[in-house]
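**Q** Got a predicted model here, sequence first, then my questions.
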Amino acid sequence: MNIFVLMKRTFDTEEKITLANGKINEAGAEYIINPYDEYAVEEAIQIRDTHGGEVTVISVGTEESEAQLRTALAMGADKAVLINTEDGIESGDPYTTSKIVAQYLKDKQVDLILAGNVAIDGGSGQVGPRIAELLGINYVTTITKLDINGTNATVVRDVEGDSETIETSLPLLVTAQQGLNEPRYPSLPGIMKAKKKPLEKLELDDLNLDENDIEIKTKTLEIFLPPKIEAGKVLSGEMKDQVSELFQLLRSEAKVI
């Protein structure tokens, strides 16, 4: 079974975000595998171990993404591919990223593609479904369970606090939701083996892509931090006095009534 995992490099979830000149300050920032993509990597490894085959992890970005690809290899993936856009277009646009990955995959024998439900930085959740549409294959989003039986698949997906069971067929793309599995930590032997596993580096020219054909469709106009949350106010006194004061505060300060 040929299994591909889409992976993105994102800020560490515990990283304190600061801005400089209207942009996110990346100096000294820590980066990780997008947490939802970790579920995808783990599920791909488990499926390969059960059904056989090979797991290839793909990332679109700059040379810095190699560190996260090596982490996925240390977890147990077999191969990695970095499509380098450092000297070309920006890679953060869902349209562009999906076009690049679909171009890479179009001539490959694809049985299963796994991706994270969303990236914690952009949060669009578009790349996976867009790739499936471009490749003309089935896709199911926000999955919490995946069973493969030959060329058929049974998928449980999260639907706003409930679940839905879907039966479909391969080739298939799914996006992983929290609860699908518990991603493993890379072991020391895994880290050592990862250094010898193949990591292919490609440029846009290698994919016969012209920058004009994959020009980004969205533009960031402004980046800003959310406003600071002020401390709450504790009311005291008799209950009727508290109610009266609350009413006045909601009208004069909060202006919600």
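**A** It's in. Residues are numbered from 1 along each chain as shown.
**Q** What about the closest residue to K106 other than its chain neighbours, how many residues nearby?
**A** Excluding its sequence neighbours, the residue lying closest to K106 (C-beta to C-beta, 6 or more residues apart in numbering) is L135, at 6.6 Å. (Glycine included, C-beta is placed from N, CA and C.) Applying other C-beta atoms under 10 Å, we find 19 residues neighbouring L135.
**Q** what does the one 4 residues further on give?
**A** For Y139, the neighbour count with other C-beta under 10 Å is 20.
**Q** contacting residues for it?
**A** 128-129, 132-133, 172-175 (C-beta atoms under 8 Å, 6 or more residues apart in numbering).
**Q** Name every strand pairing with the helix or strand that contains it and say which way it goes.
**A** Using DSSP states H and E, Y139 sits in strand 138-149. Taking DSSP bridges as the criterion, strand 138-149 forms sheet pairs with strand 152-159 (antiparallel), strand 172-176 (parallel).
**Q** In its sheet, which strands sit next to the helix or strand containing S59, and in what direction?
**A** Assigned by DSSP H and E, S59 belongs to strand 54-61. If you go by DSSP bridges, strand 54-61 pairs up with strand 2-6 (parallel), strand 79-84 (parallel).
**Q** which of those strands sits most buried?
**A** strand 2-6 (a mean of 24; mean count of other C-beta atoms under 10 Å).
**Q** Tell me the helix or strand right after that one.
**A** Using DSSP H and E, the first helix or strand after strand 2-6 is strand 9-11.
**Q** so what's Y31 up against?
**A** Y31 neighbours (C-beta under 8 Å, 6+ apart): 9-12, 64, 67-68.
**Q** That one pairs with what?
**A** F11.
**Q** where does it sit relative to R9, distance-wise?
**A** 5 Å (C-beta to C-beta, to the nearest Å).
**Q** Common neighbours of the two, please.
**A** 64, 67-68.
**Q** neighbour-wise, which of the residues you listed leads?
**A** Ranked by neighbours (other C-beta under 10 Å), the shared contacts of Y31 and R9 are led by Q68, which has 24 neighbours.
**Q** Could you report the pLDDT at the residue nearest to S187 when sequence neighbours are not counted?
**A** In this structure, S187 finds its nearest non-sequential neighbour in A74, 7.5 Å apart by C-beta to C-beta, 6+ apart. What the model reports as pLDDT for A74 is 97.
**Q** ok, now how distant is A74 from Y36?
**A** A74 is 19 Å from Y36, by C-beta to C-beta.
**Q** Also S236?
**A** In terms of C-beta to C-beta, S236 sits 45 Å off from Y36.
**Q** residues making contact with the helix or strand hosting L73?
**A** According to DSSP H and E, L73 maps onto helix 66-75. Here helix 66-75 makes contact (C-beta under 8 Å, 6+ apart) with 5, 7, 9, 31-33, 41-42, 45, 57, 59, 79-80, 82, 183-187, 190-191, 193-195, 197, 199.
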